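[1] whatever this is, show me its structure:
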Amino acid sequence: MASLYKIEMYLIDHNNKYSSLENIVEDIRNTTDLGVDCFNAEQVNISWHDDIDINFFNCPVDNFRKYFK
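    Numbering: from 1, shown residues only. Predicted coordinates:
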């Protein structure tokens, strides 16, 4: 028996460790015991600074969504 989860996540690569979304998905697949399939994935580039509205815990999800138009 397996569990299936639908998760919407926003990941911030502060240090530009990853060159693409595919690299992130590959790391997740290789470092967990979960089966991961990603659909409708998107990637955007943003200008990062310490006071950006998504650099705070518990910020509203709309703060993230506005970067994906």
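[2] centre of the chain to the longest helix along the chain, how far?
    The longest helix of the chain (DSSP state H) is helix 21-31. For helix 21-31, the separation from the chain centroid amounts to 11 Å (computed by Cα atoms, centre = their mean, to the nearest Å).
[3] show residues contacting whichever helix or strand comes after it.
    Sequence-wise, the next helix or strand downstream of helix 21-31 (DSSP states H and E) is helix 61-65. Here helix 61-65 makes contact (Cβ atoms under 8 Å, 6 or more residues apart in numbering) with Y10, D53, I54. In short, each C-beta sits where N, CA and C put it, glycine included.
[4] distance to I28, neighbour count and pLDDT added to the residues you listed, as a markdown table?
    Putting the contacts of helix 61-65 into a markdown table (distance: Cβ to Cβ, whole Å; neighbours: other Cβ atoms under 10 Å; pLDDT from 0 to 100) gives the following:
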| residue | distance to I28 | neighbour count | pLDDT |
| --- | --- | --- | --- |
| Y10 | 14 | 12 | 87 |
| D53 | 25 | 12 | 95 |
| I54 | 20 | 15 | 94 |
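[5] export the residues you listed to TSV and tack on distance to K17?
    Below are those laid out as TSV (distance: Cβ to Cβ, whole Å):
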residue	distance to K17
Y10	16
D53	22
I54	18
